[in-house]
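Visitor: All I have is the shape, not the residue letters:
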Ligand code: CP
């Protein structure tokens, strides 16, 4: 498998063999991510970080990942003080930044932005989220979390919350199709998973059911994957308020869940997970956000050619 120079744009570009290889590589690097071992396999390499939307985990875990492997970060910082504020196009920005770096991490509000950037870049583009499109590096860390904390093969999973705008669940569904999951989609009617994705999943042989009841959905699953309602993608605040607090997981609801059931969330959360859940053995979301470091280390080491 040749990852060197590869753009990481969508989970649709990855076979099961490629996914398993990335997760195995992340496992090899986990002790370095935990700072128990040191490495300089990316010494002399520069990672450019371009975020046109807010981020804490994705941006900082990429920065941690390159630094733990001995490389450096070149962060565009606030878009407002870059030449994008003067009207420079994404294509021109990418062409220039590619000349300063060995790979570019890009988050952008426009669906398709990462694909567009890859057409103008001489170095790998890693899609850190493109509007309501895809967020593949989040998916790799989600898969890594499921593999470490539960099991990937034959997984029973409930995906809950904003399934319309939530790009993390869109990417995760496609990835799970390689492992034969049973998927329960839990959302209010207004936030249903796009029918096109449901059709794709069924065509890939997945068992997919839909419900608006959290109570019934969590009874028999290995993983509950919660998501935030994506306020920033709603056309107006009134529409957002109608659905903002419709689904919530609480310690009381968890009484009907299996003891080994894990709760994941890409974070940030708002009201959808009661803080009382954090101290239960089901809560896995902070561990999940840490796993972003070894997974992004693996992706950087592979696309920069330091590992095979
Ligand atoms: N999960 C995730 O993408 O978090 P950030 O928006 O903080 O990067």
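Guide: Everything's here; your move. Remember, it's a predicted structure, so these values are computed and weren't measured experimentally.
Visitor: What residues of the helix or strand hosting residue 25 count as buried?
Guide: Here residue 25, judged by DSSP states H and E, is contained in helix 16-33. Going by neighbour count (16 or more other CB atoms under 10 Å), the buried part of helix 16-33 is 19-23, 25-26, 29-30, 32-33. Placement of C-beta: from N, CA and C, glycine included.
Visitor: repeat for stretch 187-206
Guide: For stretch 187-206, by 16+ other CB under 10 Å, it's 187-188, 191-193, 197-198, 200-201, 206.
Visitor: likewise stretch 86-103?
Guide: For stretch 86-103, by 16+ other CB under 10 Å, it's 90, 93-94, 97-98, 101-103.
Visitor: Format these as CSV; extra columns: secondary structure.
Guide: Below are the buried residues of stretch 86-103 laid out as CSV (DSSP: H, G, I helix; E, B strand; the rest coil):
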residue, secondary structure
90, helix
93, helix
94, helix
97, helix
98, helix
101, coil
102, coil
103, strand
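Visitor: Tell me which two in those are the farthest apart.
Guide: In terms of CB to CB, the buried residues of stretch 86-103 reach their longest pairwise distance at 90 and 102, which sit 19.6 Å apart.
Visitor: Residue 277 contacts residue 249, doesn't it?
Guide: Yes. If you go by CB atoms under 8 Å, residue 277 and residue 249 touch, sitting 5.9 Å apart.
Visitor: which neighbours do the two share?
Guide: residue 263 (CB atoms under 8 Å, 6 or more residues apart in numbering).
Visitor: Compare the two (neighbour count), which wins?
Guide: Between residue 277 and residue 249, counting by other CB atoms under 10 Å, residue 249 is the more crowded of the two (24 against 20).
Visitor: Could you report the distance from the more buried one to residue 287?
Guide: Distance, residue 249 to residue 287, by CB to CB, to the nearest Å: 17 Å.
Visitor: And for residue 281?
Guide: Distance, residue 281 to residue 287, using CB to CB: 12 Å.
Visitor: same question, residue 123
Guide: Taken as CB to CB, the span from residue 123 to residue 287 is 31 Å.
Visitor: More neighbours: which of the two?
Guide: residue 123 (21 against 13).
Visitor: show me the contacts for the more buried one.
Guide: Residue 123 sits in contact with 98, 101-104, where contact means CB under 8 Å, 6+ apart.
Visitor: try 10 Å
Guide: Residue 123 sits next to 5, 7, 46-48, 94, 97-104, 303-304 when contact means CB atoms under 10 Å, 6 or more residues apart in numbering.
Visitor: secondary structure element for residue 173?
Guide: Here residue 173 is assigned to helix 167-176, by DSSP H and E.
Visitor: Any part of that helix near the ligand?
Guide: No. Contact of helix 167-176 with the ligand (CB under 6 Å from any ligand atom) is absent, the minimum separation being 6.6 Å.
Visitor: partners of the helix or strand that that helix is followed by in the sheet?
Guide: Next helix or strand after helix 167-176 toward the C-terminus (DSSP H and E): strand 182-186. Counting by DSSP bridges, the strands paired with strand 182-186 are strand 156-160 (parallel), strand 207-211 (parallel).
Visitor: Export those strands as a markdown table, with columns for mean pLDDT.
Guide: Formatted as a markdown table, the strands paired with strand 182-186 follow (pLDDT from 0 to 100):
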| stretch | mean pLDDT |
| --- | --- |
| strand 156-160 | 97 |
| strand 207-211 | 96 |
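Visitor: out of those strands, deepest packed?
Guide: Compared across these, strand 156-160 shows the largest average neighbour count, a mean of 24 (mean count of other CB atoms under 10 Å).
Visitor: quick check: angle from that one to helix 167-176?
Guide: Per axes from the mean of the first three to the mean of the last three CA atoms, to 10 degrees, the angle that strand 156-160 makes with helix 167-176 is 160 degrees.
Visitor: can you give me the strands in the protein?
Guide: Using DSSP state E, the strands found in the chain span residues 46-51, 72-75, 103-108, 125-130, 156-160, 182-186, 207-211, 223-226, 262-264.
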